[in-house]
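Trainee: take a look and give me a structure for this.
(one chain, ligands or ions: 1)
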Amino acid sequence: MRSSFKDSYFCDYLKPSQIVFELKAKTKIQAVEELLDVLNKQKLIKNKKLILTRIIDRERLESTAIGHHVALPHARVNTGGDIAVAVGKSKKGIDFDAIDDKKVHLIILIVWNPSIPGLFNHLFAGLAQFLRRESFRKRLFETKNKTELYEVLSEVELRLPQEDRIISRASLLKKLQTLEQKKKKAKKEQQAQLKEQANLIRQELDAILIDRFDRLMERYGFAVAEVEDGVCQSCNINVATGIRSAIEGSNDIFICENCGKFLVATKKKKK
Ligand SMILES: [Zn+2]
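Mentor: Numbering: from 1, shown residues only. The predicted model follows:
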């Protein structure tokens, strides 16, 4: 379905003028607005209000903070161009309802054109692959000015990872499953809204993954299984030791070798 994107660099989409080295914002919404103001000033977007609404709607559905002090708020809106990216850093940190409850110190905001459906996925996969490395994040957080931050970000290569895992998307896939299950039971008047929310998520996930998800949903009524104490909760079989240790406390998706469901870590109970 989606044509593959050529390998590129994150900085093909980012100029130093699109970076705010120290955000003034104290809240999530303020931060998003501050970054949209930058894009507006650079004439990279023209419908700031609409984009802000879309980003906030998307955040309400599920936080885009991927853990480890990083958030990737985004919206699929026609900006005139292909894509608009802005980066903001916050020394104090901003509360983003992150999956790991940590404050966010780095925000990468992405607005992409609906006419290029795979673009966000490509960008997200590439970014997540770099941002999951602790050493890389450390260097980002330790930069002392905009030039340094830009230089470190310039190292990010965008290519789809050749791994048997899907990085940082487990909670999103679970959310999609919840919405689809709700939709099945919902009254007619609620259907449209649930479908709209589900579509927001679908737009962000890789076509191959969505395809597999839909087939599993159709066949079993669910597609995502939690791993508890190393056991797949769908088929009750122990998952491979390597997967078990990799999955713990992560937001990555794996696939059960036995029953083929998407495997995700059990959500940790909040203290
Ligand atoms: Zn299984």
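Trainee: run through the stretch 1-150 of the chain and note the low-pLDDT ranges.
Mentor: Scanning the stretch 1-150 of the chain with the threshold set as pLDDT under 70 gives 1-6.
Trainee: alpha carbons only: can I get stretch 258-270 in CSV?
Mentor: Written as CSV, here are the backbone C-alpha positions of stretch 258-270 (Å, rounded to 0.1, in the frame of the first residue of the first chain):
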residue,chain,number,x,y,z
ASN,A,258,2.8,-19.7,19.4
CYS,A,259,-0.5,-17.9,18.8
GLY,A,260,0.5,-15.0,16.6
LYS,A,261,-1.1,-12.3,18.8
PHE,A,262,0.6,-9.0,19.4
LEU,A,263,2.4,-9.2,22.7
VAL,A,264,2.6,-6.2,25.1
ALA,A,265,3.8,-5.8,28.6
THR,A,266,1.3,-5.9,31.4
LYS,A,267,0.6,-2.3,32.4
LYS,A,268,2.4,-1.6,35.7
LYS,A,269,0.0,-0.6,38.4
LYS,A,270,0.4,3.0,39.5
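Trainee: which residues touch it?
Mentor: Under the contact criterion C-beta atoms under 8 Å, 6 or more residues apart in numbering, stretch 258-270 has outside partners 101, 170-171, 173-174, 212-213, 216, 220, 222-228, 232, 234-235, 237, 239, 243, 247-251, 253-256. Just so you know, the C-beta spots here come from the backbone N, C-alpha and C atoms, and that holds for glycine as well.
Trainee: okay, now the closest residue in space to S8 that isn't next to it in sequence: neighbour count?
Mentor: Using C-beta to C-beta, 6 or more residues apart in numbering and skipping the chain neighbours, the partner closest in space to S8 is L158 (5.0 Å). A count of nearby residues for L158, using other C-beta atoms under 10 Å, gives 22.
Trainee: quick one: residues contacting Q30.
Mentor: K24.
Trainee: C-terminal to the helix or strand hosting it, what's the next element?
Mentor: Using DSSP states H and E, Q30 falls within helix 28-41. Next along the chain after helix 28-41, taking DSSP H and E as the criterion, comes helix 48-61.
Trainee: so how far is that next one off the chain centroid?
Mentor: Distance of helix 48-61 from its chain centroid, counting by C-alpha atoms, centre = their mean, to the nearest Å, is 15 Å.
Trainee: can you point out the buried residues in that helix?
Mentor: For helix 48-61, the neighbour count (16 or more other C-beta atoms under 10 Å) marks I51, L52, R54, I55, I56, R58, E59, L61 as buried.
Trainee: same deal with stretch 196-203?
Mentor: So, applying 16+ other C-beta under 10 Å, buried residues of stretch 196-203: Q197, A198, L200, I201, R202, Q203.
Trainee: identify the spatial nearest neighbour of the fourth one, chain neighbours not counted.
Mentor: Think I201. L176 (4.6 Å).
Trainee: for the stretch 101-250 of the chain, what lies in contact range of the ion?
Mentor: With C-beta under 5 Å from the ion as the criterion, the stretch 101-250 of the chain meets the ion at residues C232, S234, C235.
Trainee: how near is the first one to I66?
Mentor: C232 sits 24 Å away from I66 when distances are taken as C-beta to C-beta, to the nearest Å.
Trainee: settle it for me: which of those two has more neighbours?
Mentor: Neighbour count, other C-beta under 10 Å: between C232 and I66, I66 has more, with 26 against 21.
Trainee: which SSE is the more buried one in?
Mentor: Going by DSSP H and E, I66 is part of strand 65-67.
Trainee: can you list contacts of the helix or strand following that strand?
Mentor: The helix or strand immediately downstream of strand 65-67 is strand 70-71, counting by DSSP H and E. Strand 70-71 is contacted from outside by 63-65, 94, 96, 98, 104-108, 131, 137, using C-beta under 8 Å, 6+ apart.
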